[in-house]
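Enquirer: What shape does this take:
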Amino acid sequence: MLLAFLQTGMPTEKSSSFHPRSQHVVSRLSTGRHIHTSPRWFVLCFACASPTFCRAPRRSNGSFPTMPPILGLFLLISTTCFLQATDGAKSQFRFPTHRTVRHPSFNFRSKRSMENQFFPAFMTEEMMADEGSGGKPKDIDVPVKHATPRTPARRTEVHVPEQTCPFTCQCQPKLIQCSNVRFEEVPEKLPAELEILDLQDNKITEIKDDDFSNLVDLEVLILRNNKISVIQPNALAPLVKLQRLYLSRNALTTIPPNIPPTIMELRLHDNYIEKIMKDSMKGLNHLICAVLGSNPLSGDAIAAGAFSDMAKLAYLRIAETNITSIPTGLPGSLKELHLDSNKIKQVKKGDFANLVNLIRLGLSANEIETVDDEAFKDLKHVKEIHLDSNQLTAVPPGLPDLKKLQTIFLHNNQISKLSNDSFCSLKRNYKRVMYTVISLHNNKLNEIPQNTYSCLNGRGSLHLGNS
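Expert: So this is what the prediction gives:
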């Protein structure tokens, strides 16, 4: 009984690994433990010491004799009990001072948006942009990979096994970067879970059928600025999840065969491609962005309807080639069409048929002399037209009918005459175009009619230098 009494009345240490008010904070008292003291300590001490005190002999005058050793023991026990009890009482009411440590499951970055982090830092502006024409898509929404919200879990380190990381490369989970390491062929034994593979700026000359045979999860393949002249027929077929393929600045003479139908972005500029056949890009129904400039395309090298089956194509650039006419059969999904720095001589009626969603049209630095009436008739939503650095002698007809047109570049031409309705409609009760930029500098203008720019926005700009 006495043992049970002592066990219930002795100080106990209460676990305090986590603060009771937060599951993310580890709190530990500065004293190291909580002490809970029971009043039974007083009863125990008095029961043990008082009999000896009461039986101590008295002198004849009634006073106590000199303190015997047993009395000193009694006082020692009493003092110890009192201090222990008061210290326990204080510990129950004192506000615990503690140090704060983040619990492993708490990750304050978990709420950070992962949007726009699909492309790693090594994917430079030069790689993303069209080196041949110096531009990149605007207003084109190419889907990017988003992080899926997950329940916070214990932080664990994940490393790519050393045997799967090629020598001189930099490896992270699902990403391998082997740029500018002088590889002459695709490295072997790449991990099957790879999603991004960067092999740009090397000396690879050929892509073999089995180079990517196990990369079924690959989404981005970067092969720009190599010396690739041959891609074997089934080399790209295993890449069933591929979305972006960068093959610019190589030595290809044809569009690679069997490009996966999941592809959304294809860059083939700065190669030696001479023809684009109707079946060259067949089945690419998910393609959004295609860049094919700086290739030796000439005359009718682009077959009619070569892009007609691409229902999602929004951005097409074929710049710095020798084509002499606008490709026919372009899909109605196009929002940007860039045909700058070619050899186009005329814009004909029907060249832009069905392009009702086109927003931006680039025809700069060609050899355009005439634009047919109603050539722009179908461009219901166009906002920006580039016709600078051509050989135009008059403002193209039909501009006042383009009700959403805001910017027109006509500088560096041979325009010598303007009329009142060159840019603004003279019809009554007719919605007028409100321009923000009209560029006419470096032309041969001698006279400008008074109402030529009446529809220029109040904050817009008019460029007339050297005209």
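
Enquirer: Tell me the spacing between the closest residue to His381 other than its chain neighbours and Val347.
Expert: Distances taken as CB to CB, 6 or more residues apart in numbering put Lys404 closest to His381, at 5.6 Å, once the chain neighbours are dropped. C-beta coordinates here come from the backbone N, C-alpha and C atoms, glycine included. Lys404 is 19 Å from Val347, where distance means CB to CB, to the nearest Å.

Enquirer: neighbour-wise, which of these two wins?
Expert: Val347 (23 against 14; other CB atoms under 10 Å).

Enquirer: pretty sure that one is touching Asp372, no?
Expert: Yes: taking CB atoms under 8 Å as the definition, Val347 is a contact partner of Asp372 at 6.4 Å.

Enquirer: all strands for the stretch 251-400 of the chain, in order.
Expert: With DSSP state E, counting those that start in this stretch as the criterion, the stretch 251-400 of the chain has strands at 265-267, 289-291, 298-299, 315-317, 322-323, 336-338, 346-347, 360-362, 370-371, 384-386.

Enquirer: count of neighbours near the residue lying closest to Gly299 once chain neighbours are set aside?
Expert: In space, Gly299 comes closest to Thr324 once its chain neighbours are excluded; the distance is 5.9 Å by CB to CB, 6+ apart. Counted with other CB under 10 Å, the neighbours of Thr324 add up to 16.

Enquirer: just Ala290 next, same as before
Expert: For Ala290, the count of nearby residues is 22 (other CB under 10 Å).

Enquirer: when you give positions from now on, start the count at 5
Expert: Shifting the count to begin at 5 puts that one at Ala294.

Enquirer: which residues does it bridge with?
Expert: Judged by DSSP bridges, the bridge partners of Ala294 are Leu270, Leu320.

Enquirer: Which pLDDT value belongs to it?
Expert: The score at Ala294 is 97. That number is its pLDDT.

Enquirer: where's it relative to His273, distance?
Expert: Per CB to CB, Ala294 is found 10 Å from His273.

Enquirer: same question, Ala323
Expert: For Ala323, the distance to His273 (CB to CB) stands at 8 Å.

Enquirer: and Lys178, what does it touch?
Expert: 197-200, 221 (CB atoms under 8 Å, 6 or more residues apart in numbering).

Enquirer: Can you mark which positions in the lengthiest strand in the chain are buried?
Expert: The longest strand of the chain (DSSP state E) is strand 460-467. Buried positions in strand 460-467, judged by neighbour count with 16 or more other CB atoms under 10 Å: Leu460.

Enquirer: CA atoms of that strand as PDB?
Expert: C-alpha atoms of strand 460-467 as PDB (Å, rounded to 0.1, in the frame of the first residue of the first chain):
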ATOM      1  CA  LEU A 460      -6.100  57.900 -84.800                       C
ATOM      2  CA  ASN A 461      -6.600  57.300 -81.100                       C
ATOM      3  CA  GLY A 462      -5.900  60.300 -78.900                       C
ATOM      4  CA  ARG A 463      -3.000  58.600 -77.300                       C
ATOM      5  CA  GLY A 464      -1.800  56.900 -80.500                       C
ATOM      6  CA  SER A 465       1.300  57.700 -82.500                       C
ATOM      7  CA  LEU A 466       1.900  58.600 -86.100                       C
ATOM      8  CA  HIS A 467       5.300  58.100 -87.600                       C
END
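
Enquirer: Partner strands of it, with direction?
Expert: Assessed with DSSP bridges, strand 460-467 is paired to strand 439-443 (parallel).

Enquirer: In the stretch 255-404 of the chain, where is pLDDT below threshold?
Expert: Along the stretch 255-404 of the chain, no part satisfies pLDDT under 70.

Enquirer: Roughly how far does Glu371 sit from Gly303?
Expert: Distance from Glu371 to Gly303, by CB to CB: 14 Å.

Enquirer: Those two - which one has more neighbours?
Expert: Neighbour count, other CB under 10 Å: between Glu371 and Gly303, Glu371 has more, with 13 against 10.

Enquirer: if I pick the more buried one, what's in contact with it?
Expert: 347-349, 394-395.

Enquirer: any idea how far it is from Leu449?
Expert: For Glu371, the distance to Leu449 - CB to CB - is 21 Å.

Enquirer: Number of residues surrounding the closest residue to Asn370 other than its chain neighbours?
Expert: Using CB to CB, 6+ apart and skipping residues adjacent in sequence, the residue nearest Asn370 is Ile348, 4.2 Å away. Per other CB under 10 Å, the neighbour tally for Ile348 reads 20.

Enquirer: who's in contact with Ile348?
Expert: 327-330, 367, 370-372.

Enquirer: switch to 10 Å and redo it
Expert: Listed by CB atoms under 10 Å, 6 or more residues apart in numbering, the contact set of Ile348 reads 327-330, 355, 367, 369-373, 394.

Enquirer: Could you grab the helix/strand/coil label for Ser82?
Expert: helix (DSSP: H, G, I helix; E, B strand; the rest coil).

Enquirer: ugh, typo on my part, it should be Ile74
Expert: Classification of Ile74 using three-state DSSP returns helix.

Enquirer: For it, grab the count of nearby residues.
Expert: 13.

Enquirer: Identify the contacts common to Val351 and Asp376.
Expert: In terms of CB under 10 Å, 6+ apart, Val351 and Asp376 are both contacted by the residues Pro400.

Enquirer: Just list whatever residues bridge to Thr374.
Expert: Where Thr374 sits in a bridge, its partners, by DSSP bridges, are Gln350.

Enquirer: That one contacts Lys352, doesn't it?
Expert: Yes: counting by CB atoms under 10 Å, Lys352 is a contact partner of Thr374 at 9.1 Å.

Enquirer: so what's in contact with these two at the same time?
Expert: Common contacts of Thr374 and Lys352 (CB under 10 Å, 6+ apart): none found.

Enquirer: Just the buried residues of the contacts of Ile348.
Expert: Counted by 16+ other CB under 10 Å, the contacts of Ile348 give 327-330, 355, 367, 369-370, 372-373, 394 as buried.
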